[in-house]
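Participant: Sequence and predicted structure below; questions after.
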Amino acid sequence: MKKKITALVLVIVILGIAGSSVVVTAENEYRLVRQFGKISRVIDTPGVSFRIPFVQSTDTLPKQTLLYDLTPSDVITKDKKTMITDSYVLWRISDPTKFAQSLNGSIVNAEGRINTAVYNAIKNAISSMNQDEVITSRDGELSEMVMARIEDNMDEYGIELMMFETKQLDLPDDNKEAVYERMISERDNIAATYRAEGKSEAQVIQNTTDKEVAISISEAEKQAEILIAEGEAEYMRILSEAYDTEEKTEFYSFVRSLDALEAAMKGGEKTVVLSADSPIAEIFAGYEK
């Protein structure tokens, strides 16, 4: 009986030692294997591994992305105006060994470091800008400035800052309305300046266009006059060639006189009184002869 009990105890001890040597690592965690308190290796892949019982121990660190929400705080702009900033940071442990050695593997300690670094970066960034610039930079420019100021500082702690965002960047309630009214007035002045410049430019374009149109019309009229004069000259040249003899000239005069008489007789019954020495009377007198 004693032998059976001894054997059973031995089996239990062996199973206990075997169980304590198994290390199960989840997908969202790091396992730090320590030997006599010193980190001997880091397990960063999920699965089952082993450690030496009573000699090695394990610690767990989160592997997933973590959120740290900063406490709202006051900051001073370059033009000595107070603003309230409320922001958050997404971060992760990038180097478990550095994290454990520098921060004792404590998430609370890490958040304290992040809070200090981020607040200092926000304060330095905002203190380099006037209040108007801070307000207009809320679309992402401020986040980029803050990230650039704190990114390198976290590497020594094995921390990677993945994103910084401002939830609220506002004015204190006691002077918010006055600042907004001043900014609206400034924007209205800028808009009025743009409108005046636009009207001035439009008038310049209108005047230039009117001048160009007037020049074009004048040039067209000039060309038309030249063409008319050339046409009349050509007409006279053709007539001159057509009636280049005395007989043709007399015939042309006869035809032109008849045309004139026909034009005068239009519009009903009319009587034409001609002097004896008029060209038309002479034509008729000569015709009768």
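Facilitator: Noted; the coordinates are in hand.

Participant: hey, let's count contacts and neighbours off CA atoms from now on
Facilitator: OK.

Participant: Quickly list the domain ranges of this protein.
Facilitator: For the chain, the structural domains run 2-60, 66-172, 175-242, 244-288, going by automatic domain parsing.

Participant: want to throw these into CSV with mean pLDDT and mean neighbour count?
Facilitator: As requested, these are arranged in CSV below (pLDDT from 0 to 100; neighbours: other CA atoms under 10 Å):
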stretch, mean pLDDT, mean neighbour count
domain 2-60, 74, 14
domain 66-172, 85, 17
domain 175-242, 83, 12
domain 244-288, 68, 11
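
Participant: Can you give me the first-to-last residue distance of stretch 59-74?
Facilitator: 38 Å (CA to CA, to the nearest Å).

Participant: swap in stretch 63-81?
Facilitator: With CA to CA applied, stretch 63-81 spans 41 Å between its terminal residues.

Participant: what residues does that stretch touch?
Facilitator: For stretch 63-81, the surrounding residues in contact (CA atoms under 8 Å, 6 or more residues apart in numbering) are 27-30, 82-93, 111, 115, 122-123, 126-131, 134.

Participant: just how off-centre is that stretch within its chain?
Facilitator: Centre-to-centre, stretch 63-81 and its host chain are 27 Å apart (CA atoms, centre = their mean, to the nearest Å).

Participant: ranges for the helices of the stretch 51-200 of the chain?
Facilitator: Applying DSSP state H, counting those that start in this stretch to the stretch 51-200 of the chain gives helices spanning 96-103, 107-127, 131-136, 141-150, 176-242.

Participant: Between those helices, which one is closest to residue 53.
Facilitator: Residue 53 lies closest to helix 96-103 among the helices of the stretch 51-200 of the chain, at 21.5 Å (CA to CA).

Participant: Now distance to residue 48 too, for the helices of the stretch 51-200 of the chain, in a markdown table please.
Facilitator: Converted to a markdown table, the helices of the stretch 51-200 of the chain look like this (distance: least, CA to CA, whole Å):
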| stretch | distance to residue 48 |
| --- | --- |
| helix 96-103 | 19 |
| helix 107-127 | 25 |
| helix 131-136 | 51 |
| helix 141-150 | 37 |
| helix 176-242 | 58 |
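
Participant: so who does residue 121 touch?
Facilitator: Contacts for residue 121 were tallied using CA under 8 Å, 6+ apart; they are 146-147, 149-150.

Participant: Apologies, that question was intended for residue 145.
Facilitator: Neighbour list for residue 145: residue 125 [criterion: CA under 8 Å, 6+ apart].

Participant: That one and residue 203, how far apart?
Facilitator: Separation of residue 145 from residue 203 (CA to CA): 44 Å.

Participant: same question, residue 162
Facilitator: Per CA to CA, residue 162 is found 53 Å from residue 203.

Participant: ok, now residue 131?
Facilitator: From residue 131 to residue 203 the distance is 37 Å (CA to CA).
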